[in-house]
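Q: Just need the structure, nothing else, for what follows:
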Amino acid sequence: MANTNTNVVPINPNPNPAKMLAIPVKKTDPVELYLPLRNLVAKKYSETDAQKVESILETLNKCRMDMVERREELSLSMHRDCLIHYFKCLCMVEPLFTAISSDSDPIIFFWYDAFESDYICVDRVSSKHNNIHLEKAAILFNLGAIYSQIGASCDTTTALGRHLAIDAFKIAANIFLKLWKDFAQLTSVSKLYRKAYDLILSDSAATQHVYSFDGTWVTHLHQKEKFFRVEALQRASIKRPRTFSYGPHGPFLPDEESVTENLVEGICIHSGPWIPKQGLIYHDMWIPKQQLIYLDLILSEYSPFKIVDGGKLVANPWDMPPPYPTNLAILWSSSSSHILPIPLKKSEPLNLYEPLRSYYVLKCSESVAKKVEDLLETLSKLRFEMQREDLSLPARRDCLISYFKCLCMIESVFPMMATENPLTFVWYDAFNPQEKDSRDNIINRTNSIYLEKASVLFNLGALCTHIAASCDITTIQGYGVAIDALNEASHWFQSVSQTLHTATTTDLSFECVKMLLEIISAQISDTKLNFPHSQSDRLSLPEYPVSVLYRKAYDMSSSRTLTVKLAQSTIPQYLESKMKMKTCIVETGPGDVTAKFISGYFKAKSLLSEGCQRPCLDLLSEVSPVKIKDGNLVASKTLEALRLSSKEMSLQETSNMIIDKN
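A: Have a look, this model is predicted:
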């Protein structure tokens with residue numbers, strides 16, 4: 001019988017106990033999901049609807065089979081990807097379970113206790129018990145367990161390993177907090193271990209349960225609490241000097257130990273809030289706060305779930321690396337004349353690889369330079385690719401986002417390069433690009449990394465308006481992409497003002513960015529009113545006439561600063577015509593079964609994005625253009641595949657445009 005004496009701390013029989021505890025995953029029995037769910041859709045909706053969603057159902061079934069049959073052979077990162085993929089599919093089909101009738105075959109989920117494998121939890125999904133909360137909860141539990149295993153498997157003797165371990169454990173904690181539905185305000189590591197230790201020993205049933213699977217947990221928690229309590233007292237009396245500082249405002253001299261960690265930190269500070277000593281707060285600049293579902297499901301190179309022609313939902317295999325084919329047909333049907341595409345900024349070519357690599361060799365060593373040369377090469381390639389006008393709009397958008405991420409990773413290097421080997425970024429005003437010799441339109445700033453970031457963000461916003469203007473808003477898919485693209489454009493332009501705190505060119509000034517945001521806001525309302533809505537959607541429509549919103553933007557464009565600069569653009573004439581428009585609302589009926597699947601996908605993405613994902617851990621997967629491998633940052637095959645895919649898509653797009661003209 002297990003020892004339940006709460007006053008005695010048992011001796012750990014393991015002479016070399018693990019430094020970190022990893023939570024075991026729950027096990028489950030196989031279950032067939034595809035046939036019963038497909039039959040249900042065909043019966044409740046139609047055979048056409050069943051064909052539209054059968055790919056999601058097939059993928060749902062495959063993911064669950066892989067969790068059961070391939071569990072032992074999957075790496076931790078692949079296991080994580082499989083769980084995330086399955087959870088999204090599960091949320092997409094969740095509305096179907098509430099529709100299972102009494103004459104349908106029940107779907108039964110069997111799950112075993114993670115710490116006591118003889119205990120079975122059963123969820124019989126039928127008319128009497130029509131929920132899948134156990135299945136979703138079990139998946140979240142396993143996702144938290146896998147993140148804890150990722151954290152425990154990291155090499156904490158290195159700076160990068162410690163960084164990854166901390167983030168992995170943070171995500172695991174966030175996931176279990178979602179399951180626990182409670183949280184506590186604590187201030188030190190020792191108190192965290194003490195709380196866990198007390199929680200176990202204060203309850204005899206909990207103590208007996210822990211000892212039934214692994215009694216070393218209690219010893220582990222006790223030793224950790226004691227160690228960190230002593231460590232905290234020592235650190236309070238000794239101020240240790242820092243060898244380097246994080247963030248864009250703290251230049252550092254990287255060594256072989258810290259170089260990769262500092263680069264990874266660069267991609268994480270924007271997933272904030274991250275507060276450096278200066279008190280500035282950085283938020284995630286490359287992920288819009290709104291969940292842009294249609295933009296993600298139709299045009300993203302990296303989303304494994306897609307909406308194709310006819311509204312059919314397809315799912316790429318969870319273990320197939322991106323890029324995935326996009327549905328460019330949505331951009332070719334017609335043009336949305338009420339959406340004005342904002343021109344992009346142009347830049348002079350610049351080779352970033354050689355000067356950055358030379359800097360690492362000069363300041364650190366050749367071995368350090370080799371650790372990061374793949375990242376630097378990728379950075380330089382992406383800067384060249386993002387300027388290519390022959391790329392399709394979605395491919396160019398993904399290229400800009402990837403470049404911005406890589407740029408954030410090496411941002412902290414630039415202050416040190418200012419005196420050693422300065423780089424010069426040259427960007428032209430978006431509204432007057434032809435005046436290349438004018439001092440107002442060309443910017444030459446030594447080591448101006450903030451100008452580079454602000455210009456990339458500006459182009460992301462402008463590119464999204466081009467995507468919106470290219471959509472056929474007479475279709476639900478085209479309308480969804482147009483609205484999402486305009487919302488994302490608003491996000492990027494808002495990020496411009498956060499990145500660049502002083503005015504440079506007219507297009508990057510606070511006054512101009514504010515005007516562009518007002519134009520986009522009016523265009524969103526305009527697009528919503530031009531698309532047929534169901535009665536329930538009318539509450540989301542604008543309260544004021546769209547013409548009033550355009551007038552506000554027009555008044556901003558008429559300021560003394562902007563009047564002259566925008567004279568050669570079409571913005572003033574466009575706003576004048578829009579102020580005369582009249583509003584007419586058209587109503588229509590509800591959508592089909594795919595709308596419910598998309599709603600479930602939205603919920604899954606929202607839940608997983610709330611503290612359950614960290615950018616640095618994505619560097620462990622195939623999704624990122626740069627990966628962490630053996631402690632080094634290496635270029636992923638994803639980038640090369642993206643470039644090849646982009647070439648094929650641009651050729652296909654050109655071919656279709658020629659056909660349309662003929």
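Q: Going by C-alpha atoms from here, please, whenever you check contacts or count neighbours.
A: OK.
Q: Share the number of residues neighbouring V361, please.
A: 15 (other C-alpha atoms under 10 Å).
Q: Is it in contact with A369, as I believe?
A: Yes: applying C-alpha atoms under 8 Å, one finds V361 in contact with A369, separated by 5.6 Å.
Q: in the stretch 551-662 of the chain, which spans are strands?
A: Along the stretch 551-662 of the chain, counting by DSSP state E, counting those that start in this stretch, strands occupy 626-629, 632-635.
Q: Could you give me the buried positions within the last one?
A: Buried positions in strand 632-635, judged by neighbour count with 16 or more other C-alpha atoms under 10 Å: 632-635.
Q: now swap in the first one and tell me
A: Judged by neighbour count (16+ other C-alpha under 10 Å), strand 626-629 contains these buried residues: 626-628.
Q: any low-confidence regions in the stretch 51-200 of the chain?
A: By pLDDT under 70, the low-scoring segments of the stretch 51-200 of the chain are 98-105, 117-131, 180-186, 188-194, 197.
Q: Now with 90, please.
A: 69-75, 77, 94-138, 154-164, 166-167, 173-200 (pLDDT under 90).
Q: hmm, back to that, just send the buried residues of strand 626-629 back as CSV, with pLDDT and distance to E354 too.
A: As requested, these are exported to CSV (pLDDT from 0 to 100; distance: C-alpha to C-alpha, whole Å):
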residue, pLDDT, distance to E354
V626, 72, 18
K627, 78, 21
I628, 80, 22
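Q: Tell me the one of those residues nearest Y324?
A: V626 (17.4 Å; C-alpha to C-alpha).
Q: how much space is there between the nearest residue to that closest one once chain neighbours are set aside and N351?
A: Excluding the flanking residues, the one nearest V626 by C-alpha to C-alpha, 6 or more residues apart in numbering is A635, at 4.6 Å. Using C-alpha to C-alpha, to the nearest Å, A635 is found at 17 Å from N351.
Q: With Y550 instead?
A: Counting by C-alpha to C-alpha, the gap from Y550 to N351 is 42 Å.
Q: ok, the buried residues of strand 626-629 vs D398, which is closest?
A: V626 (13.9 Å).
Q: now the closest one: how far from R80?
A: The gap separating V626 from R80 is 19 Å, by C-alpha to C-alpha.
Q: And for A137?
A: In this view, A137 and R80 are 15 Å apart by C-alpha to C-alpha.
Q: Mind checking which of the two has more residues around it?
A: R80 (20 against 15).
Q: unless I'm mixing things up, the more buried one is touching I146, no?
A: Yes: applying C-alpha under 8 Å, one finds R80 in contact with I146, separated by 6.4 Å.
Q: Run through the helices of the stretch 251-400 of the chain in chain order.
A: Assignment of helices within the stretch 251-400 of the chain using DSSP state H, counting those that start in this stretch yields the ranges 259-268, 293-294, 353-363, 366-385, 393-409.
Q: which stretch among those helices comes nearest F431?
A: Closest approach to F431 among the helices of the stretch 251-400 of the chain is made by helix 393-409 (19.9 Å; C-alpha to C-alpha).
Q: and the residue nearest to V626, what does it touch?
A: 374-375, 378, 625-627 (C-alpha atoms under 8 Å, 6 or more residues apart in numbering).
Q: if I look at the closest residue to D29 other than its chain neighbours, how far off is V31?
A: Closest residue to D29 apart from its sequence neighbours, by C-alpha to C-alpha, 6+ apart: F110 at 5.6 Å. F110 is 8 Å from V31, where distance means C-alpha to C-alpha.
Q: hang on, the earlier thing: farthest pair within the buried residues of strand 632-635?
A: N632 and A635 (9.9 Å).
Q: Distance to R70 and mean pLDDT added to the helices of the stretch 251-400 of the chain, as TSV?
A: Converted to TSV, these look like this (distance: least, C-alpha to C-alpha, whole Å; pLDDT from 0 to 100):
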stretch	distance to R70	mean pLDDT
helix 259-268	31	74
helix 293-294	30	88
helix 353-363	41	87
helix 366-385	32	89
helix 393-409	32	89
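Q: Out of those, the one nearest C616 is which?
A: Counting by C-alpha to C-alpha, C616 lies closest to helix 259-268 out of the helices of the stretch 251-400 of the chain; the figure is 6.0 Å.
Q: Can you name every helix or strand that the closest one contacts?
A: helix 159-180, helix 366-385, helix 393-409, helix 615-618 (3 or more C-alpha pairs under 8 Å, 6 or more residues apart in numbering; DSSP states H and E).
Q: hey, which of those is tucked in deepest?
A: A comparison of the helices and strands packed on helix 259-268 by mean neighbour count, using mean count of other C-alpha atoms under 10 Å, puts helix 393-409 on top with a mean of 23.
Q: Could you tell me the angle between it and helix 366-385?
A: Going by axes from the mean of the first three to the mean of the last three C-alpha atoms, to 10 degrees, helix 393-409 is angled at 150 degrees with respect to helix 366-385.
Q: between helix 393-409 and helix 259-268, how many degrees?
A: Orientation check (the same axes, to 10 degrees): helix 393-409 against helix 259-268 gives 130 degrees.
Q: Give me the buried positions along stretch 303-318.
A: 303-308, 311-318.
Q: So for these, which is the shakiest by pLDDT?
A: pLDDT is lowest at G311 among these; the value there is 82.
Q: I figured that one hits K52, correct?
A: Yes: counting by C-alpha under 8 Å, G311 touches K52, with 7.0 Å between them.
Q: For the two, list the residues in contact with both.
A: Common neighbours of G311 and K52, using C-alpha under 8 Å, 6+ apart, are T594.
Q: and L457, how far is that from I293?
A: In this view, L457 and I293 are 21 Å apart by C-alpha to C-alpha.
Q: D374 now?
A: Separation of D374 from I293 (C-alpha to C-alpha): 32 Å.
Q: try L376
A: 32 Å.
Q: go on, T216?
A: Distance of T216 to I293, computed by C-alpha to C-alpha: 46 Å.
Q: and what of D203?
A: Distance from D203 to I293, counting by C-alpha to C-alpha: 45 Å.
Q: ditto for L393
A: When distance is defined by C-alpha to C-alpha, L393 is 17 Å away from I293.
Q: residues touching the closest residue to K88 other than its chain neighbours, list them.
A: Leaving out its chain neighbours, the residue that sits closest to K88 by C-alpha to C-alpha, 6+ apart is A604, at 5.3 Å. By C-alpha under 8 Å, 6+ apart, the contact set of A604 is 87-88, 91-92.
Q: so for the strand or helix carrying W427, what's the average pLDDT?
A: Per DSSP states H and E, W427 falls inside strand 424-428. Per-region confidence: strand 424-428 scores 85 on mean pLDDT.
Q: List the buried residues in that strand.
A: For strand 424-428, the neighbour count (16+ other C-alpha under 10 Å) marks 424-428 as buried.
Q: Which neighbouring elements make contact with that strand?
A: For strand 424-428, the packing partners by 3+ C-alpha pairs under 8 Å, 6+ apart come out as strand 442-446, helix 449-469.
Q: one more time with 7 Å, if that's ok
A: Contacts defined by 3 or more C-alpha pairs under 7 Å, 6 or more residues apart in numbering; DSSP states H and E place strand 424-428 against strand 442-446.
Q: For whatever helix or strand A489 lives in, name the packing helices and strands.
A: Per DSSP H and E, A489 falls inside helix 476-499. Here helix 476-499 touches helix 293-294, helix 449-469, helix 510-530, going by 3+ C-alpha pairs under 7 Å, 6+ apart.
Q: what is the rounded mean pLDDT of the last one?
A: Translated: helix 510-530. What helix 510-530 shows for mean pLDDT is 89.
Q: mind checking the end-to-end distance for stretch 414-430?
A: End-to-end distance of stretch 414-430 (C-alpha to C-alpha): 25 Å.
Q: typed the wrong thing, it's stretch 35-52
A: Start-to-end, stretch 35-52 (C-alpha to C-alpha) is 15 Å.
Q: And it, what's buried?
A: Buried, per 16+ other C-alpha under 10 Å, within stretch 35-52: 37-38, 40-41, 44, 49-50, 52.
Q: Tell me which residues are up against it.
A: The set of residues external to stretch 35-52 that reach it, using C-alpha atoms under 7 Å, 6 or more residues apart in numbering, is 54, 311-313, 593.
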